[in-house]
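1. Here's my sequence, what's the structure:
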Amino acid sequence: MPDIVRLRPGTTVAGTVRKAVIFDLDGVVVDSFAVMREAFAIAYAEVVGEGPAPFNEYEKHLGRYFPDIMRIMGLPMAMEAPFVRESYRLAPQVRVFDGVRELLTDLRERGYRLAVATGKSGPRARSLLDELGLLDRFDHVIGSDEVSRPKPAPDIMLRALQLMGVQPEEALVIGDAVSDIRSARAAGVPAVGATWADIDEAVLRAARPDLLLRHPDELLPHCPPVPAG
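-> Numbers count the residues shown, from 1 in each chain. From the prediction side, this is the model:
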């Protein structure tokens, strides 16, 4: 069963009708953790050298832009190029989470505008979604390189709202990382925590999302059809 913290089904504050959903990409739409781990290990070996790549530490910062994570971890920025190269090479191994295709179809049929706001660069995110046959499900796909400040700043969420022409209270953000929740909250958008990936649920819960879900279809009761007109 979904773990509801504050969000009520159907409407947002003051009865405003929801019209849009903003998705994080990795850990919400796609399961890319194995690819990330391998790409990170290769990049670390190329740039830093021998020894275990600190992927467990890297995972704590997922949702952020890769250069930001390198700064936080004190790792060379030169790791970005091989990491991106390997991510493209390994992209065919990325899979869509069970239930996500159906969720996107249902939301579209209910009249929702959909966007992706991701820690990836925009070109890489759009390339991956295109390869998976999902790019046309979204009205907009925004990468962290396409805003002034990436998550947890609100910029990427505000840009998605602007592009879709909706107010913060008319949307939901769904993410699997603390940075997603903080970014949504800073933008004034209700935040949904997704826990169907292999994540530390307690960490996400501590960020106080408005709703915590364990399967994609649990979002649908909170997204009734958008009224015509």
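2. Now residue 115: phi and psi?
-> phi -140, psi 160 (degrees, to the nearest 10).
3. Wait, it touches residue 138, no?
-> Yes: Residue 115 is in contact with residue 138 according to CB atoms under 8 Å; the separation is 5.9 Å. The way it works is simple: take the backbone N, C-alpha and C, and place the C-beta from them, glycine included.
4. Just give me the longest helix of the protein.
-> Secondary structure assigned by DSSP state H gives helix 33-47 as the longest helix of the chain.
5. buried sites along that helix?
-> Judged by neighbour count (16 or more other CB atoms under 10 Å), helix 33-47 contains these buried residues: 33, 35-44, 47.
6. about what we covered before: any common contacting residues for residue 115 and residue 138?
-> The contact sets of residue 115 and residue 138 overlap at residue 23 (CB atoms under 8 Å, 6 or more residues apart in numbering).
7. Need the outlier residue of this structure, farthest from its centre.
-> residue 50 (31.6 Å; CA atoms, centre = their mean).
8. Quickly note the distance from that one to residue 146.
-> According to CB to CB, to the nearest Å, residue 50 stands 36 Å off from residue 146.
9. What pLDDT does the model give residue 62?
-> pLDDT recorded at residue 62 is 85.
10. and it, what does it touch?
-> Residue 62 touches 26-27, 36, 119, 176-177, 179, counting by CB under 8 Å, 6+ apart.
11. burial measure for the residue lying closest to residue 201 once chain neighbours are set aside, as a count.
-> Leaving aside its chain neighbours, residue 201 sits nearest to residue 195 (4.9 Å; criterion: CB to CB, 6 or more residues apart in numbering). Using other CB atoms under 10 Å, residue 195 is surrounded by 20 other residues.
12. quick one: residue 195 and residue 214 touch, right?
-> Yes: between residue 195 and residue 214 there is a contact under CB under 8 Å: 5.2 Å.
13. And residue 148, how far from residue 58?
-> Residue 148 is 24 Å from residue 58, by CB to CB.
14. which of the two has more neighbours?
-> residue 58 (20 against 8).
15. Can you check the pLDDT for that one?
-> Looking at residue 58, the pLDDT reads 93.
16. Verify the stated contact: it with residue 39.
-> No: Residue 58 lies out of contact with residue 39 (CB under 8 Å); the separation is 10.5 Å.
17. Now residue 226: closest residue in space that isn't a chain neighbour?
-> Setting aside the residues directly before and after it, residue 226 is nearest to residue 111 in space (CB to CB, 6+ apart), at 3.5 Å.
18. count of neighbours near that neighbour?
-> With other CB under 10 Å as criterion, residue 111 counts 15.
19. mind listing the helices for this structure?
-> 33-47, 55-59, 66-73, 80-90, 100-109, 122-131, 155-164, 178-187, 201-206.
20. Now distance to residue 228 too, for those helices, in TSV please.
-> Shown next, in TSV, are the helices of the chain (distance: least, CB to CB, whole Å):
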stretch	distance to residue 228
helix 33-47	40
helix 55-59	43
helix 66-73	42
helix 80-90	41
helix 100-109	13
helix 122-131	28
helix 155-164	18
helix 178-187	27
helix 201-206	35
